[in-house]
Structure formats: C-alpha cells, structure tokens
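Student: Have a look at this prediction, sequence included:
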There are 2 protein chains.
Amino acid sequence: MSNPTRERLIAAAIELFYDEGIRAVSVDAVAERAGVTKRTLYYHFKSKDELAAAYLAARDQPNLATFQRWFAKTEGSLPDKIQGLFHGLARAARRPGWKGCGFLRTSVELVNLPGHPAMKIGAAHKKNVEAWLGETFAAAGIVEGVPLARQIILLLDGAFSVVLLNRDPSYMDAAGDAAFTLVSAALPQDRR
Amino acid sequence: MSNPTRERLIAAAIELFYDEGIRAVSVDAVAERAGVTKRTLYYHFKSKDELAAAYLAARDQPNLATFQRWFAKTEGSLPDKIQGLFHGLARAARRPGWKGCGFLRTSVELVNLPGHPAMKIGAAHKKNVEAWLGETFAAAGIVEGVPLARQIILLLDGAFSVVLLNRDPSYMDAAGDAAFTLVSAALPQDRR
C-alpha cells in the first residue's frame, strides 16, 4: 500500500509543517525538501489541504504509541503511570525542536475552517488518545473512566498550550501533579 | 492618556485579529476597519508586531475581569465558584463568534518568534490570572495556593484548546469538574 515517493513527501511535510506551521510553508518548499517536483507532489496530493491532513494522519498512531510507551515504562501505580505521560512531555518540551502539539496548532491555523479534513483528523487523534485512556481506567476498575479520560486530555492539551506560550516546561509537571490527584481520587478505595 | 484614533485602531485590531488571526489580517484591513489611512495607523503603531501586542494588551484586564465576574456571580463554596469560571467559558464557547483564546492562538501563530512582544504580553496575561487565582486560594486557607493556581490555568487553557479543535463545549464542563475535584482536595479539612 505504501509508496516511497508519497512517504518521502509526508516525511517532508511533517518536518516543515511542525517546525514552521502550515500557513508559513509553501507546497513548493515541501516538494523541494522531499526532492521531487511540484507536479509529482500534486500527483500524490490533490491540494495543500490534503497534504496537511496527511501530515496529521501520519502522526496519529506514532504519537499515541509514544504516550503508551511512556505509560508502560513508568513504574508504580496507575496514578504514577499517568503522571509518567507528563514527565515524558516535560522531557520532550526541553528539546530544542519542540513546538507544542501539531494537532492543536492546526486548529489555530485553520480557525475559520472547522470542517477542514485536517481538523477532523486532529479531533479524531485526541479521541483515540481519550479512548485508550478510558479503556486503561476501566481496566483499573474506575467506573467513571470516560469522564476521567477527558480530564486527562484537558490537562495534556493544557500543558501543550501553556508551555508553547510561556516556554516553561515546569508546567508539564504541574499538569502531571493534577493528573495524579484526579486519578488517585477516582480509584476504588481497595485499589489505592 | 487615551487617544480616540488609537483606541479605534485597537478596537478594529481586536475584532479582526481575534476573528481571523494575526497572519491572515493585513495592516490595511485594520486601518480600513478603523476608518483611517495606513499612514495614520503607522503614526500610532510602528509595525504590525506592535499592533498585535497592543491587541493582546488591550484584552488582558478585561479578560481577567470577566473571570473575576464569573467567580463573584457563582454562589456556593470555593470549588463551586472556580467551577463557575468553566461554566462561563462553556456559555461563551456556544456563541457563534467564539474562537478560543486569543493569547494562546498568538503563541501558535508566532511559534518561531518566542521573544515577540505579543508573546510576552500573552504569557504575562496568564501570569495575571494565575496570580489572582493564587491569592484567592491563599485567602481560603490553601497552603499550596500557587501550584493549585497553575493546575487551574492548565485546565482553563486545556479547555480553550480542546474545544477549539473539537468544537464540543461540553469539554468546558469536564474541565470544570476536574477543577472542582482539585480545589476540593486542596481545601483544609475544616473548610470543606
């Protein structure tokens, strides 16, 4: 199913769109980074909109897998493991190339196009993370797993947004502390 | 100190920048909306950057005052009153012209200019809200008022960001529930 030229174009789009934003990067720049002509790019993607959607679609499963890896690697109880997601984010935010969440940034860049395909993919990605959290909470015996998953999504996205504005990664840890409190409070008494 | 032409330009910038974004709106469009020439605009603002900063500076105190009004108007305990901020946001997000938080959106639009004056004003605005929350918590006898204020900021900004992406204002209420839990858990036993 995969096509090496298409994959190279998506890789170039990921680099450039994440680094500079969708509006700031031209289709020509993506073609050039991928080492193909603009004509070849338009053979694979009908429009810049379609390329922007493909960029986010390509980040959906890898980003979810990163959260799952941080969760799995963190030792301790469920609240500790959820806090581990935020410690992972704090480490990521201290790296030079970090620029927040590409999905959330797209919703700002396309603020007047709420039905845009890239927006739908962004919203679906957050739902995928939320669904994984909800299942994780249900498996731990938390009855209100879905509302709690939403609360953790809100803290994750709050952390992305606040740190992009103030560039102070310690807010990631503050979000992790809040998540720890919320998950602990939701656990059944006998599992705390 | 105030100058009516300058005030009219700022009012036009608030309308257009909030509605469409800073990058999408030209200086000409702001001058036209304000009913002045571009030359007059540049007499009051050296650059678009300075106009963008003035737009956010003009929203700092009014937005803080809105939060304070929602807090004051909500009956009940401290957790109820903090939850009232999120109910206020949920109502705002259901209005047609709502497009998230102008301060956070600016941090996305200027992602590669972290030292930009508008970014500094955005970060300072969040600090002002955080300081007000911290004082409010300290006055209620909460020892860890500052960390709790940071957690509430993270939920507020998470709510702005998530709802801008998924356009589902019920996430505002989910954030309010999380805030209620966190503030309740932080209250001294004898004040719960």
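Tutor: Happy to help now that I have it. Residues are numbered from 1 along each chain as shown, chains lettered A, B, ... in the order given.
Student: for chain A, longest helix please?
Tutor: Longest helix in chain A, counting residues (DSSP state H): helix A:48-73.
Student: ok, the closest residue to chain B within chain A - contacts?
Tutor: Proximity of chain A to chain B (Cβ to the nearest Cβ) peaks at residue A:158, 2.8 Å away. C-beta: built from backbone N, CA, C; applies to glycine. Contacts for residue A:158 (Cβ atoms under 8 Å, 6 or more residues apart in numbering or on different chains) come out as A:175, B:153-159, B:161.
Student: In contact with residue A:147: list those residues for me.
Tutor: Taking Cβ under 8 Å, 6+ apart, one finds B:174, B:177 in contact with residue A:147.
Student: Give me the contact status of the longest helix of chain A with chain B.
Tutor: No. On the criterion Cβ under 8 Å from any Cβ of the partner chain, helix A:48-73 is out of touch with chain B, staying 10.9 Å away.
Student: What residues sit buried inside that helix?
Tutor: Residues of helix A:48-73 classed as buried: A:48, A:51-60, A:63, A:67, A:70-71 (neighbour count, 16 or more other Cβ atoms under 10 Å in any protein chain shown).
Student: Spatially, which two of the residues you listed are the most separated?
Tutor: Using Cβ to Cβ, the buried residues of helix A:48-73 reach their maximum pairwise distance at A:48 and A:71, which is 34.9 Å.
Student: quick revisit: and of the contacts of residue A:158, the nearest to residue B:86?
Tutor: Of the contacts of residue A:158, the one sitting nearest to residue B:86 (Cβ to Cβ) turns out to be residue B:159, at 6.5 Å.
Student: What ranges does chain A have for its helices?
Tutor: A:4-20, A:27-34, A:38-44, A:48-73, A:78-93, A:102-109, A:117-139, A:145-166, A:170-186.
Student: pull the CA atoms of the last one into PDB?
Tutor: Right, the one you point to is helix A:170-186. Output in PDB follows, covering the C-alpha atoms of helix A:170-186 (Å, rounded to 0.1, in the frame of the first residue of the first chain):
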ATOM      1  CA  SER A 170       7.800  23.000  34.600                       C
ATOM      2  CA  TYR A 171       4.100  23.500  33.800                       C
ATOM      3  CA  MET A 172       4.200  19.900  32.300                       C
ATOM      4  CA  ASP A 173       5.000  18.700  35.800                       C
ATOM      5  CA  ALA A 174       2.200  20.800  37.300                       C
ATOM      6  CA  ALA A 175      -0.200  19.200  34.900                       C
ATOM      7  CA  GLY A 176       1.200  15.700  35.900                       C
ATOM      8  CA  ASP A 177       0.600  16.500  39.600                       C
ATOM      9  CA  ALA A 178      -3.000  17.500  38.800                       C
ATOM     10  CA  ALA A 179      -3.500  14.200  36.800                       C
ATOM     11  CA  PHE A 180      -2.000  12.200  39.700                       C
ATOM     12  CA  THR A 181      -4.600  13.800  42.100                       C
ATOM     13  CA  LEU A 182      -7.500  13.200  39.800                       C
ATOM     14  CA  VAL A 183      -6.700   9.600  39.000                       C
ATOM     15  CA  SER A 184      -6.000   8.800  42.700                       C
ATOM     16  CA  ALA A 185      -9.300  10.300  43.700                       C
ATOM     17  CA  ALA A 186     -11.100   8.200  41.000                       C
END
